[in-house]
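Novice: Build me a model from this:
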Amino acid sequence: MEQKIAEFGKKLALAKNILLINHIRMDPDCFGSLTALYLILKKLNYNVAAINDEKSPADFSFLGMDDIVTPELDIKQFSPDLIISLDAASLDQLGNTYKNNIEIFKNTDFVVFDHHITNPGFGSLNIIDTKSSSTCELLFRVLESIGLDSYIDPKIATLLTTGIHTDTNIFYNSNTTPTTLHTAAKLMELGADFRSPMFHFYKKKNLTKSRLWGEVLKNLKSSENGKIVWGLIPKELFEKTNTTDKETSGLINEFLSNMEGMEVCFLIYYIDDTKLKTSFRSTGYDVASLCASYGGGGHKQAAGFYTELSMKEAEKEILDKLKDLI
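Specialist: Below is the predicted model of the structure:
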């Protein structure tokens with residue numbers, strides 16, 4: 001790993017135009033790592049740009065980085081000599097940005113930073129550490145190793161803290177290690193605001209989101225032995241509560257995964273007219289392998305996939321795969 005980090009340092013020294021990209025349907029870890037690295041590179045006077053299929057989620061506006069990610073960027077005109085992917089476990093997760101610019105990605109130095117166990121290593125240089133709690137934790141280690149941690153100011157420290165907070169579920173999940181806690185302590189010493197990410201991602205609720213969650217919880221399903229718990233959100237429920245799939249964030253971590261006796265929980269919901277997302281959590285069961293069979297992935301105890309099966313079909317197939325728990 002240290003050799004790969006040193007190689008990244010050499011590539012960075014030779015680069016001029018750096019393009020940053022993270023996975024579609026941005027979460028705090030991919031957003032925090034990308035924006036933190038963006039600010040570091042700006043301090044070093046690089047010509048740097050960040051791209052994603054989508055604009056920054058409104059939920060992240062408290063971080064003050066709304067305009068960093070630019071979906072409209074013309075990559076060919078930007079002409080990157082180094083591309084850095086953050087927190088994407090596969091090329092598919094780079095969305096249309098990758099699909100529409102495959103040749104540029106193939107012919108440019110391409111560094112991948114990630115911590116997902118299902119990542120096959122799709123870059124020309126892959127810095128993947130599945131023992132890191134998050135890509136933000138991994139990025140901090142890299143910055144320390146190549147001597148760039150001195151550029152971390154309170155804002156950058158807060159961005160990195162955000163990814164660590166959310167991917168560890170505020171240090172509750174089993175991916176929390178002594179290194180994770182040491183990293184968080186160092187970031188706090190560097191001025192990270194610990195309270196804001198906790199409030200915005202775990203405490204703050206609006207009325208419509210609360211109504212959606214209430215409907216889902218009212219109709220929760222479980223296996224007879226209680227080892228499998230799941231929720232379904234059909235399109236009609238989003239319409240009824242005037243919400244979108246964005247309001248599902250936190251539901252599985254804060255409620256489904258905390259059910260007594262639960263060993264696997266999952267949530268199925270629509271993200272557009274035809275496509276479903278299924279998110280899993282477990283206490284030990286390897287949900288990453290299950291999700292990989294559908295082209296998804298993640299971690300052993302937290303994973304997901306997208307599908308165009310109907311909700312009823314997806315529910316049945318998942319329960320069939322989990323039948324050994326029933």
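Novice: gap between residue 21 and residue 225?
Specialist: According to Cβ to Cβ, to the nearest Å, residue 21 and residue 225 sit 43 Å apart. For glycine as for every other residue, the C-beta is placed from the backbone atoms N, C-alpha and C.
Novice: Of the two, which one has the most company?
Specialist: Of the pair residue 21 and residue 225, residue 21 is the one with more neighbours under other Cβ atoms under 10 Å, namely 30 against 10.
Novice: which element is the closest residue to residue 220 other than its chain neighbours on?
Specialist: Among residues not flanking residue 220 along the chain, residue 231 sits closest, at 5.4 Å (Cβ to Cβ, 6 or more residues apart in numbering). Using DSSP states H and E, the element containing residue 231 is strand 228-233.
Novice: mean confidence score for the next helix or strand after that strand?
Specialist: Counting by DSSP H and E, the next helix or strand C-terminal to strand 228-233 is helix 235-241. Mean pLDDT, helix 235-241: 95.
Novice: just stretch 171-186 next, same as before
Specialist: pLDDT averaged over stretch 171-186 gives 96.
Novice: buried stuff in that stretch?
Specialist: 173, 175-176, 180, 183-184, 186 (16 or more other Cβ atoms under 10 Å).
Novice: with these in mind, which one is nearest to residue 8?
Specialist: Using Cβ to Cβ, residue 183 comes nearest to residue 8 of the buried residues of stretch 171-186, at 18.3 Å.
Novice: Quick check, pLDDT for residue 120.
Specialist: On the pLDDT scale, residue 120 gets 94.
Novice: So it versus residue 43, what's the distance?
Specialist: For residue 120 relative to residue 43 (Cβ to Cβ), the value is 33 Å.
Novice: out of these two, which sits in the more crowded spot?
Specialist: Between residue 120 and residue 43, residue 43 has the larger neighbour count (other Cβ under 10 Å), namely 14 against 11.
Novice: Hmm, that one is touching residue 151, no?
Specialist: Yes: taking Cβ atoms under 8 Å as the definition, residue 43 is a contact partner of residue 151 at 5.0 Å.
Novice: Grab the nearest non-local neighbour of residue 253.
Specialist: Spatially, and ignoring its direct neighbours in sequence, residue 253 is nearest to residue 169 (5.4 Å; Cβ to Cβ, 6+ apart).
Novice: State the phi and psi torsions of that neighbour.
Specialist: As for residue 169, its main-chain torsions (degrees, to the nearest 10) stand at phi 60, psi 50.
Novice: same thing with the one 5 residues further on?
Specialist: Residue 174 has phi and psi values of phi -70, psi -10 when expressed as degrees, to the nearest 10.
Novice: and residue 326, what pLDDT?
Specialist: We have a pLDDT of 65 for residue 326.
Novice: Kindly report the same for residue 204.
Specialist: pLDDT, residue 204: 86.
Novice: give me the number of residues near it?
Specialist: For residue 204, the neighbour count with other Cβ under 10 Å is 12.
Novice: what do you get for residue 154?
Specialist: 12.
Novice: Tell me which residue of this protein is furthest from the middle?
Specialist: residue 224 (32.4 Å; Cα atoms, centre = their mean).
Novice: Could you name the specific helix or strand carrying it?
Specialist: Residue 224 is part of no helix or strand, with elements assigned from DSSP H and E.
Novice: any idea how far the strand holding residue 231 is from the chain center?
Specialist: 21 Å (Cα atoms, centre = their mean, to the nearest Å).
Novice: helices and strands around that strand, which ones?
Specialist: On a contact count with 3 or more Cβ pairs under 8 Å, 6 or more residues apart in numbering; DSSP states H and E, strand 228-233 meets helix 207-218, strand 221-222, strand 264-270, helix 311-321.
Novice: mind listing what it pairs with, with the direction of each?
Specialist: Listed by DSSP bridges, the sheet partners of strand 228-233 and their directions read strand 221-222 (antiparallel), strand 264-270 (parallel).
Novice: of all those strands, which lies closest to residue 62?
Specialist: For residue 62, the closest of the strands paired with strand 228-233 is strand 264-270, at 24.5 Å, according to Cβ to Cβ.
Novice: Output the contacting helices and strands for the next helix or strand after the closest one.
Specialist: As assigned by DSSP H and E, the chain's next helix or strand after strand 264-270 is strand 276-282. Counting contacts by 3+ Cβ pairs under 8 Å, 6+ apart, strand 276-282 is packed against helix 251-254, strand 264-270, helix 287-292, strand 302-307, helix 311-321.
Novice: how about the first one: buried residues?
Specialist: Read that as helix 251-254. By neighbour count on 16+ other Cβ under 10 Å, the buried set for helix 251-254 is 251-253.
Novice: which of the residues you listed lies closest to residue 263?
Specialist: Once Cβ to Cβ is applied, the member of the buried residues of helix 251-254 that ends up nearest residue 263 is residue 252, at 14.2 Å.
Novice: among the helices and strands of this structure, which has the poorest mean pLDDT?
Specialist: Across the helices and strands of the chain, mean pLDDT, DSSP states H and E gives its lowest value to strand 297-299, namely a mean of 88.
Novice: Return the list of strands paired to that strand, each annotated with direction.
Specialist: Sheet pairing of strand 297-299 (DSSP bridges) gives strand 302-307 (antiparallel).
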